[in-house]
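Chemist: for reference, the sequence and a predicted model appear below.
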Amino acid sequence: MMRKNAKIYVAGHRGMVGSAIVRELKRQGYANIIAKTHAELDLTRQEAVEKFFAEERPEYVFLAAAKVGGILANQHALADFMYDNMILEMNVIHAAWKNGCKKLEFLGSSCIYPRLAPQPMKESCLLTSALEKTNEAYALAKISGLKYCEYLNCQYGTDFISVMPTNLYGPNDNYHPEHSHVLPALIRRFHEAKAESRPSVICWGDGSPLREFLYVDDLANLCVFLMNNYSGNETVNAGTGKELSIRRLTELVAEAVGYEGEILWDTSKPNGTPRKLLDVSKATALGWTYKTELRDGIRLTYEDYLQNPARA
């Protein structure tokens, strides 16, 4: 268990996941939290990362920093997504081991699992068949971080764990029209359509893919829970165990935004993976379950979007 005064470093504290972890740590009474902006510490620079760890000696590390984006961003910057993610995670994990960090938690993504993995996807299906091509570069980087933690545990006896979240959403998300994930992109699209009184909104694909969504504050709660209650080489899935179609998701977002126009589908655009549902029985068996239902979470996320126009 982490002591309440333990020195905790949250890498990526300004992002959606990292900021949620900081909120959760503070909510639970952890006050000795280290956070560095990109300007203060560039995690892709090995020398800077090693200097930081040697000076600060954090006892616990939540590695939530990452270069992220939706299908379009991944397709257009394959090399960038692979390099930036792999180099920053290797730098942080290596420096944590080298400087005697008690425990590190690496945050990955459900895209590490095969494109056609049996559903719902168990942690054990990792590397059993081919990945989804549209985000393969990002997935390969995340798999490498997960495996590096596992190999350090095996070779050096570290206590480095990993958690693999499903699709995330919530406060402090990225609403960029080209570089965001599906749910925040839909929030922006429907909000702008409503503001401009557009008669219709065009969405990618045919709306048939099935997806699972987890509110980011629920993930943060699980992250702290796992840091205090789990050790092991195998990752832990983070999700709700519930899925819905992208078509239904667009309806829920339109409802939350108050958009009453028509939803059209551009079938010339890719759908991505046909189905992605995580098996969350492992987290459930450990004693954790999600709290925020999707309809409520979308409402809270839209409120965040309205209150923080600079993020749009």
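Modeler: Received, thanks.
Chemist: mind listing the strands for the stretch 101-250 of the chain?
Modeler: With strands called from DSSP state E, counting those that start in this stretch, the stretch 101-250 of the chain shows them at 103-107, 160-165, 167-169, 200-204, 210-211, 213-215, 236-238, 244-245.
Chemist: quick one: distance of the fourth one to the chain centre.
Modeler: When distances are taken as Cα atoms, centre = their mean, to the nearest Å, strand 200-204 is centred 25 Å away from the chain's centroid.
Chemist: so what touches it?
Modeler: Identification of contacts with strand 200-204 by Cβ atoms under 8 Å, 6 or more residues apart in numbering yields 71, 186, 189-190, 193, 246, 250, 254, 259, 261-266, 269-271. Every C-beta, even on glycine, is put in place using the N, C-alpha and C of the backbone.
Chemist: swap in the longest one?
Modeler: For strand 160-165, the surrounding residues in contact (Cβ under 8 Å, 6+ apart) are 17, 93, 96-97, 103-110, 112-113, 123, 145-146, 149-150, 152-153, 214, 219, 222-223, 226-227, 230-232, 235-239, 278.
Chemist: in its sheet, what does that strand sit against?
Modeler: According to DSSP bridges, strand 160-165 has the following sheet partners: strand 103-107 (parallel), strand 236-238 (parallel).
Chemist: and what of the fourth one?
Modeler: Paired with strand 200-204 in the same sheet, following DSSP bridges, are strand 262-266 (parallel).
Chemist: can you give me the helices for the stretch 101-250 of the chain?
Modeler: Taking DSSP state H, counting those that start in this stretch, the helices of the stretch 101-250 of the chain run over residues 136-156, 182-195, 216-229, 246-257.
Chemist: now those in JSON lines, with distance to Pro118, mean pLDDT and mean neighbour count?
Modeler: Shown next, in JSON lines, are the helices of the stretch 101-250 of the chain (distance: least, Cβ to Cβ, whole Å; pLDDT from 0 to 100; neighbours: other Cβ atoms under 10 Å):
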{"stretch": "helix 136-156", "distance to Pro118": "17", "mean pLDDT": "96", "mean neighbour count": "19"}
{"stretch": "helix 182-195", "distance to Pro118": "23", "mean pLDDT": "93", "mean neighbour count": "21"}
{"stretch": "helix 216-229", "distance to Pro118": "23", "mean pLDDT": "98", "mean neighbour count": "21"}
{"stretch": "helix 246-257", "distance to Pro118": "21", "mean pLDDT": "97", "mean neighbour count": "19"}
